[in-house]
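>>> heads up, no residue letters with this:
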């Protein structure tokens, strides 16, 4: 088994494929999505989940406390309203970009829980 030519490394093949895909996307008018960009559907689902989860936790906790303490509708109503307020606050924070997730904040600075701009902002 004599090999006449040494095969090209896979990194060279990967670079040629990436270049060809880039040219094809450019010819078709497609632009790459920036990393970290959230799709609209994903954002809407997250808002819905935030709101429903807060309502369920508040109502469930109130129902549990009502059955345990025998104050039937009152604690469930109070905790349901507290859950609704927490849910709306979470949705507001999410919509305005003030959530505590790691990533980039609303002003383009790194949001890693520390005060001041991140190292990328320099």
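Ah, there it is. Predicted model, so just to flag it, every value in this text is computed and none were measured.
>>> Got the confidence number for the closest residue to residue 76 other than its chain neighbours?
Distances taken as C-beta to C-beta, 6 or more residues apart in numbering place residue 62 nearest to residue 76, at 3.7 Å, with adjacent residues excluded. For glycine as for every other residue, the C-beta is placed from the backbone atoms N, C-alpha and C. Looking at residue 62, its pLDDT stands at 94.
>>> Would you mind measuring from residue 62 to residue 85?
Using C-beta to C-beta, to the nearest Å, one gets 13 Å for the distance from residue 62 to residue 85.
>>> Give the buried residues for stretch 83-90.
Going by neighbour count (16 or more other C-beta atoms under 10 Å), the buried part of stretch 83-90 is 83, 86-87, 90.
>>> so which of the residues you listed comes closest to residue 27?
residue 90 (43.4 Å; C-beta to C-beta).
>>> next one: the strand or helix carrying that closest one to chain centre, how far?
For residue 90, the element it lies in under DSSP states H and E is helix 74-96. With C-alpha atoms, centre = their mean, to the nearest Å as the basis, helix 74-96 stands 20 Å off its chain's centre.
>>> ok, back up a step: with distance to residue 45 added, can I get the buried residues of stretch 83-90 in JSON lines?
JSON lines is the format used below for those (distance: C-beta to C-beta, whole Å):
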{"residue": "83", "distance to residue 45": "19"}
{"residue": "86", "distance to residue 45": "19"}
{"residue": "87", "distance to residue 45": "15"}
{"residue": "90", "distance to residue 45": "14"}
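>>> Many thanks, I have nothing further to ask.
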